[in-house]
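*Asks:* predicted coordinates and the sequence they were generated for:
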Amino acid sequence: MNNNERLVDDNSTVSIQDNEKESPMESPKAEKQKKSSITIRELTIIGLLAGITIALGLSGYGIIPLGPLNVTTLHVPTLIGAIVEGPKVGGFVGFIFGCYSLWQNITAPNILSPLFINPIISVLPRVLFPILAYLVYLVLWKVPQGPRIIVTAFMGTIFHTIMVMGLIFLLYADMFALKMNLSPDQVLGSILFLSATHGIPEAVFAAVIVTPVAMALRKVLRKDKPKKTKGEDVTVTEAKATEPELAGTTAVEAKEASVEEENLTK
């Protein structure tokens, strides 16, 4: 029997070389499965940023009452998670942010809390805005890292404000008018005014705080290390391919030299 073949239970032969050829096809699938799941590092960062979010909320620095709405800083950890680890981590931290906002409006209500008890208002935008922020980060791939993160944090906060206030206008315009003692014609103008007076300061604050923290974390986690070009990959592949050939040539030369020495000795 050929050394490259082996018996199986049904007395048929299977080529070992064929199995070796099939095995590389399985590795990309395994890599995809690993990539699709959450890594330990991502879970650690989610837990850390979620803890910071809750700590900010409980300390009173996360949700600051300002007029009928609250000015929030709880979006900052969510943006950091999205910029440093991507939309998956940002979405998870945003979900924690939304759940805390829902709990806050139930336990410590203000004039507009009945609107935020709906998870579509309090939770859904907090899950989506880090994903949109990450898309902004990807679009700005040619921009230097500092300005890139500044714009991402600013625009991510603007997206958050637009989604929250936009959903309030679409779902609860009448209730908003009733709570604020406004006529139906004044609802849109009032929502735009509150969006500007609350959203822009939140966006500026996020850009100032998120940028140095995200840059430091990306540096520590080596997120911005230069990637190999295709030319470098080809060179490395060619070098690996020639190593067996060089080894074989060296072995042949050594064998010939030993034969010549034996002949000279004789």
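*Replies:* Nice, I can see it.
*Asks:* residues touching residue 115, list them.
*Replies:* 121, 168, 171, 172, 175, 176, 179 (CB atoms under 8 Å, 6 or more residues apart in numbering). Heads up, the C-betas are built off the backbone N, CA and C, glycines and all.
*Asks:* after the strand or helix carrying the last one, which helix or strand is next?
*Replies:* When secondary structure is defined by DSSP states H and E, residue 179 falls within helix 145-180. Per DSSP H and E, the first helix or strand lying C-terminal to helix 145-180 is helix 187-220.
*Asks:* can you give me the mean pLDDT across the helix holding residue 179?
*Replies:* Helix 145-180 carries an average pLDDT of 95.
*Asks:* show me what contacts residue 161?
*Replies:* Residue 161 neighbours (CB under 8 Å, 6+ apart): 195, 198, 199, 202, 203.
*Asks:* distance of the first one relative to residue 158?
*Replies:* Spelled out, that is residue 195. Residue 195 sits 9 Å away from residue 158, going by CB to CB, to the nearest Å.
*Asks:* what's the lowest-pLDDT member of the contacts of residue 161?
*Replies:* Ranking the contacts of residue 161 by pLDDT, residue 198 lands last with 88.
*Asks:* how much space between that one and residue 158?
*Replies:* From residue 198 to residue 158 the distance is 11 Å (CB to CB).
*Asks:* on that earlier part again, give me the PyMOL select line for the contacts of residue 115, limited to the buried ones.
*Replies:* Burial among the contacts of residue 115 is assessed by 16 or more other CB atoms under 10 Å; the matching PyMOL selection reads:
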select buried, resi 121+168+172+176+179
